[in-house]
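1. Mind looking at a prediction? Sequence and model below.
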Amino acid sequence: MYVLKFGGSSVANAERIKGVAEIVVSAKKKHKQVAVVISALGGVTDELIAHTNGALQGEENIKETFKKVETRHYEAVKALVPVQRQTQVLGNVVHTLNQLYDILKGISLIREVSPKTHDLVISFGERLSAYIVSEGLKEYVKDAAFADARQFIKTNGDFGNAKVNFSKTNKLIREYFANTKGTHVVTGFIASTDNGDTTTLGRSGSDYTASIVGAALKAEAIEIWTDVDGILTADPRKVAQAFPLKQVTYEEAMELSHFGAKVIFPATMQPAMALKIPIWVKNTFKPEYEGTIISHKASADDHPVKGIS
Ligand code: ADP
Ligand code: ASP
Ligand code: MG
């Protein structure tokens, strides 16, 4: 099993999602089993948070901007799903967006949002994107199947930053993957409590979803596909001379990310490290480029300092 996770920039629009599909097709040729984890379309989580804040000031603040969120998702469906299947898929997307709007309207009426409701609102980003990607992917990978991670990732009720219950989660993931066939396209970032309340794993938490699923299934490797060449010596948006590292240890990656290297969510390393599953960080814009491998092995070069964050 290989678990491939695609971040928001990799699924920003239909063009980018087609690139994702090609990467999945090529992985399917090389590996017996592949699972995919998807983040919200780039920027959507931020937009949903802005909508929650807007709704708190009244419904009139969100009416216009909500149309933009709707249009982005509709456009993705229209560009990815062939006409014969579009009506059905659009119908499901409209239904989900209506549910989201009703919740936002509720917030605007009571002018109050609890952490629990906030998590429910932002969960829609991944629920929409993973569903749309799974439907688009069917054109390339016939058995692509949408999987809502709330069914198998179980957490406590720390909304916004929920803690995973690994004994329950591992069992549920193994059961789910054993009982449902196909190439699963899993929602990143979201989970649920034992009561069925929706939770989230922390901002940028889709990386963690990939590692949780990969560890439960004892994957051969986890691949984090993003918009840069791997883990670089510094944030390339801030340091022009930053260059990609070929190899770092789990500890080094954890340290870099804990201190701010946004490229990988800090907790991602833990489940993989326990089982010595390598994590590759790769660039969706340049799939042929090797990227960075995070493993137990330290690199034998003359760069004892790996990076600055
Ligand atoms: P995704 O949407 O794929 O999850 P993120 O925006 O979360 O992508 O993470 C990738 C971004 O992390 C890069 O575009 C880069 O600007 C930033 N970044 C910060 N520090 C580093 C680093 N040391 N190496 C690579 N990227 C970094
Ligand atoms: N969509 C979520 C966020 O923006 C999770 C992720 O992208 O990993 O934080
Ligand atoms: Mg990220």
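-> Okay, I see it. Numbers count the residues shown, from 1 in each chain. Ligands and ions are numbered 1, 2, ... in the order given.
2. Enumerate the residues of the stretch 201-309 of the chain near ligand 2.
-> 203-206 (CB under 6 Å from any ligand atom). Backbone N, C-alpha and C define where each C-beta goes, glycine included.
3. Out of those, which end up buried?
-> Burial by neighbour count, 16 or more other CB atoms under 10 Å: within these this picks out 204-206.
4. Next one: residue 154 from ligand 1, what distance?
-> For residue 154, the distance to ligand 1 equals 23 Å [CB to the nearest ligand atom, to the nearest Å].
5. same question, residue 21
-> 16 Å.
6. Surely that residue is in a helix?
-> Yes: read with DSSP: H, G, I helix; E, B strand; the rest coil, residue 21 is one of the residues of a helix.
7. Isn't it up against residue 134?
-> No: the pair residue 21 / residue 134 is not scored as a contact, 10.7 Å apart, by CB atoms under 8 Å.
8. More neighbours: which of the two?
-> residue 134 (23 against 19; other CB atoms under 10 Å).
9. Can you give me every residue that contacts that one?
-> Taking CB atoms under 8 Å, 6 or more residues apart in numbering, we find residue 134 in contact with 144-146, 185.
10. what are the ranges of the strands in the stretch 1-150 of the chain?
-> Assigned by DSSP state E, counting those that start in this stretch, the strands in the stretch 1-150 of the chain fall at 2-6, 34-38, 144-147.
11. Show the pLDDT at the residue in the stretch 51-200 of the chain that ligand 2 sits nearest to.
-> The stretch 51-200 of the chain approaches ligand 2 most closely through residue 189 (3.8 Å), counting by CB to the nearest ligand atom. Looking at residue 189, its pLDDT is 98.
12. residues touching it, list them.
-> Going by CB under 8 Å, 6+ apart, residue 189 touches 39-40, 45, 123, 125-126, 200-201, 205-206, 209.
13. of the residues of the stretch 201-309 of the chain next to ligand 2, list those near ligand 1.
-> Among those, ligand 1 is touched by residue 204 when using CB under 6 Å from any ligand atom.
14. Next one: residue 305 relative to residue 248, how far apart?
-> 11 Å (CB to CB, to the nearest Å).
15. Please read the previous query as pertaining to residue 35.
-> The gap separating residue 35 from residue 248 is 24 Å, by CB to CB.
16. So what's the residue count around the residue nearest to residue 105 when sequence neighbours are not counted?
-> In this structure, residue 105 finds its nearest non-sequential neighbour in residue 59, 5.8 Å apart by CB to CB, 6 or more residues apart in numbering. When counting by other CB under 10 Å, one arrives at 16 neighbours for residue 59.
17. Would you map the helices across the stretch 101-250 of the chain?
-> For the stretch 101-250 of the chain, helices defined by DSSP state H, counting those that start in this stretch occupy the ranges 115-137, 166-179, 206-216, 250-258.
18. which residues touch residue 193?
-> 154-157, 162, 199.
19. Now list the buried members of the residues you listed.
-> 154-155, 162, 199.
20. Could you tell me the phi and psi values at residue 283?
-> Note on residue 283: backbone dihedrals following degrees, to the nearest 10 are phi -100, psi 120.
21. So what's the residue count around it?
-> Neighbours around residue 283, by other CB under 10 Å: 19.
22. Residue 229 is in contact with that one, correct?
-> Yes: Residue 283 is within contact range of residue 229, at 5.0 Å (criterion: CB under 8 Å).
23. what residues are shared contacts of these two?
-> 289, 291.
24. For ligand 1, what's the nearest residue on the protein?
-> Closest point on the chain to ligand 1, by CB to the nearest ligand atom, is residue 7, at 1.9 Å.
25. residue contacts, that residue?
-> Contact analysis of residue 7 by CB under 8 Å, 6+ apart lists 39, 42, 206-207, 224-227.
26. and with 10 Å instead?
-> In this structure, residue 7 makes contact with 37-40, 42, 188, 204, 206-207, 224-227, 263-264, 284, judged by CB atoms under 10 Å, 6 or more residues apart in numbering.
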